[in-house]
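Trainee: How does the following fold in three dimensions:
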Amino acid sequence: MSESERIYTLLVEANPVPDPNVLPERFADVEPHPHVVDTEGTTMHTDQTSTTLTPEPRRRPAWIPLLVAAIVVIVVGAVGVFVLADDGGQPQPEVSDSPATTVPPPATTLPPDPAPDVDADAQARADAAVARADAYFVALNAGDVDAAVALMAPDGTISEADQRMLRFNAAYTARYPWEVEPCETTVTPQGVVVFVECAMVYPDPVWVAEAVSEVVFPWQIYDDGRMDWLPFKGADFSKANQAYAGYLEMHHPDEYAAVCNPAAYDPGTVNHDRGFALTEECAAVALPLAEEIAAWVEAGKPES
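Mentor: Here you go, the predicted model:
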């Protein structure tokens, strides 16, 4: 039911209107009582009989409720138009008496930091160590002792004995370069040092004659860049150094005593093996005799 219909119903209930078709029937029951006048005699007497009717409520015209309802509809419509015009014609949102509920924004969860890739880190360190070992062999084969020293000791600290041995090796590899195979690595769990083993073939004639030319050159290479060589692995390369020392002492005793005998140097200032001093001065004497010494080895090392 609309608002206007509800108002009209209330008005009708408050002001009932009798049925106009019933009124004539009710008034038809009433009999008229005219006045009776007695004209006989000299004395006039009037006998008047009257009937008192209970008045019915006055009927309102039927058009009055319709008029009132129309007025109510017009007023309600006018008020609605005024409200819409007042707020720009937009319907007003419903106002709730319940307290406002604030919905917190969804929590933002950052993805966890990825776990370190241990295998990738170990591989990177191994690759860096092998690159340093390869660079050392390249520098030594080229006779670049300064570059080899810089690779072995980035901080510049290297013993006198090691420097002399580097120059000895550089003199030999300049004539008989080392042929280095791909290096293998072992990475320590503590992440400090990488062990690098490089198989190589050393074409020095005396080494070849002694069948020790295929050896493994091991390194331990630290993460801070330091490099320490370790004793050769594989064949007993000491037999080649012993052959050099024996031949020089037998056939070139003076040169041997002067620069190839370890006793000619202050203790701790040279590296030596089997009586053969690993110095640049000794290399200058022994290297020109390498093929001659190799032939002597192949001949069974005769005494004379």
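Trainee: Could you list the low-pLDDT ranges of this protein?
Mentor: Flagging of the chain using pLDDT under 70 yields the residue ranges 1, 11-12, 14-118, 304.
Trainee: Please, where are all the helices along it?
Mentor: Under the criterion DSSP state H, the chain contains helices at 3-14, 23-28, 63-86, 118-141, 145-152, 160-175, 205-209, 238-251, 253-255, 280-286, 290-298.
Trainee: Asp224: which of these is closest?
Mentor: helix 118-141 (11.4 Å; C-beta to C-beta). Just so you know, the C-beta spots here come from the backbone N, C-alpha and C atoms, and that holds for glycine as well.
Trainee: okay, the angle between that closest one and helix 145-152?
Mentor: Angle of helix 118-141 versus helix 145-152, following axes from the mean of the first three to the mean of the last three C-alpha atoms, to 10 degrees, is 160 degrees.
Trainee: Contacts for helix 118-141 next, please.
Mentor: Under the criterion C-beta atoms under 8 Å, 6 or more residues apart in numbering, residues 145, 147-148, 151-152, 166, 169-170, 173-174, 177-178, 180, 183, 185, 187, 191, 194, 196, 198, 200, 219, 221, 223, 225, 227 lie in contact with helix 118-141.
Trainee: Produce a PyMOL select command limited to the buried residues of the residues you listed.
Mentor: Per 16 or more other C-beta atoms under 10 Å, the buried members of the contacts of helix 118-141 correspond to this PyMOL selection:
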select buried, resi 145+147+148+151+152+166+169+170+173+177+178+180+183+185+187+194+196+198+200+219+221+227
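Trainee: Is Thr185 bridged to anything, and to what?
Mentor: Under the criterion DSSP bridges, Thr185 forms beta bridges with Val196.
Trainee: contacting residues around it?
Mentor: Taking C-beta under 8 Å, 6+ apart, we find Thr185 in contact with Ala126, Ala129, Val130, Val194, Phe195, Val196, Glu197.
Trainee: how deep is Glu13 tucked in, by neighbour count?
Mentor: Around Glu13 there are 8 other residues, counting by other C-beta atoms under 10 Å.
Trainee: For Glu3, see how far away it is.
Mentor: Plainly put, Glu13 is 16 Å away from Glu3 if you go by C-beta to C-beta, to the nearest Å.
Trainee: number of nearby residues for Asn261?
Mentor: There are 19 residues near Asn261, going by other C-beta under 10 Å.
Trainee: residues in contact with the residue lying closest to it once chain neighbours are set aside?
Mentor: Leaving aside its chain neighbours, Asn261 sits nearest to Ala277 (6.5 Å; criterion: C-beta to C-beta, 6 or more residues apart in numbering). Contacts for Ala277 (C-beta under 8 Å, 6+ apart) come out as Val259, Cys260, Asn261, Pro262, Ala264, Tyr265, Val270, Asn271.
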